[in-house]
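Q: Okay, predicted coordinates and the sequence, questions at the end:
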Amino acid sequence: NSKVIQTPRYLVKGQGQKAKMRCIPEKGHPVVFWYQQNKNNEFKFLINFQNQEVLQQIDMTEKRFSAECPSNSPCSLEIQSSEAGDSALYLCASSLHPNTEVFFGKGTRLTVV
Amino acid sequence: GEQVEQRPPHLSVPEGDSAVIICTYTDSATAYFYWYKQEPGAGLQLLMSVFSNVDRKEEQGLTVLLNKKDKQLSLNLTAAHPGDSAVYFCAVSDQGGSAKLIFGEGTKLTVSS
């Protein structure tokens, strides 16, 4: 069973509001990923980190999304100004190395009303 | 970039029958392959991972076959039971250096008792 912990499980925000979600990766895993899964089961990679450094992020993340993985604190993903299209399941995952087994948390389901 | 196609999108089998899900990928350099299970309201559970030097892997009623010539990955659930009902995703590791996963479209498996 995965030991990636995501909070909160559910998040409801109005359009234009900030939405912040957190992730504690599996102990000892320095690589952290964020994905967005929409209602059609399509996955969109958002960003990944190795320790505190960004490995790759997509353009969407660079505009309204921000993420960080500070040392000794949970990782976080924040949407600065939520839009209806941001409603989705946000999945955090971690791995021991890049290109090794990736373990997912249960996700944060964001609903933007 | 890498593309992954998964079929069938829906699969219904009676209890005790086998269920086969197939994914095709496009990048012959792909080295890491994964199968995940997602139950309603849950995150992704890693079922099995294979490296490209493996053609066949069996674990706990699951068989994964990797055909590198045809760029095809399959998951066979032998003797499926109702608890196997879920959405299954294949995923491959992107070779672009980010280690992000590229997912198939998912297969909704229903096992009837």
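A: Ah, there it is.
Q: How about the residues of chain A by chain B?
A: A:1-2, A:4, A:6, A:31, A:33, A:35, A:41-43, A:45, A:48, A:55-56, A:91, A:93, A:95, A:98-107 (CB under 8 Å from any CB of the partner chain). C-beta: built from backbone N, CA, C; applies to glycine.
Q: Please repeat the previous calculation with a cut-off of 6 Å.
A: A:41, A:43, A:45, A:55-56, A:91, A:98-99, A:101, A:103-107 (CB under 6 Å from any CB of the partner chain).
Q: Can you list which of those are found in helices?
A: Under the assignment DSSP state H, the residues of chain A next to chain B contribute nothing to helices.
Q: Closest to residue B:64 out of those?
A: Residue B:64 lies nearest to residue A:101 out of the residues of chain A next to chain B, by CB to CB, at 13.6 Å.
Q: Cross-check the contact I'm expecting between the closest one and residue B:48.
A: No. Look at residue A:101 against residue B:48 with CB atoms under 6 Å: they stay out of range, at 9.6 Å.
Q: Could you check stretch B:87-102 against chain A for contacts?
A: Yes. Contact of stretch B:87-102 with chain A (CB under 6 Å from any CB) involves B:93, B:98, B:99, B:100.
Q: can you redo those as TSV with neighbour count?
A: Output for the residues of stretch B:87-102 next to chain A, formatted as TSV (neighbours: other CB atoms under 10 Å in any protein chain shown):
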residue	neighbour count
B:93	25
B:98	19
B:99	21
B:100	25
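Q: ok, and the closest non-adjacent residue to residue B:40?
A: Distance criterion CB to CB, 6 or more residues apart in numbering or on different chains; nearest residue to residue B:40, sequence neighbours excluded, is residue B:86 at 7.9 Å.
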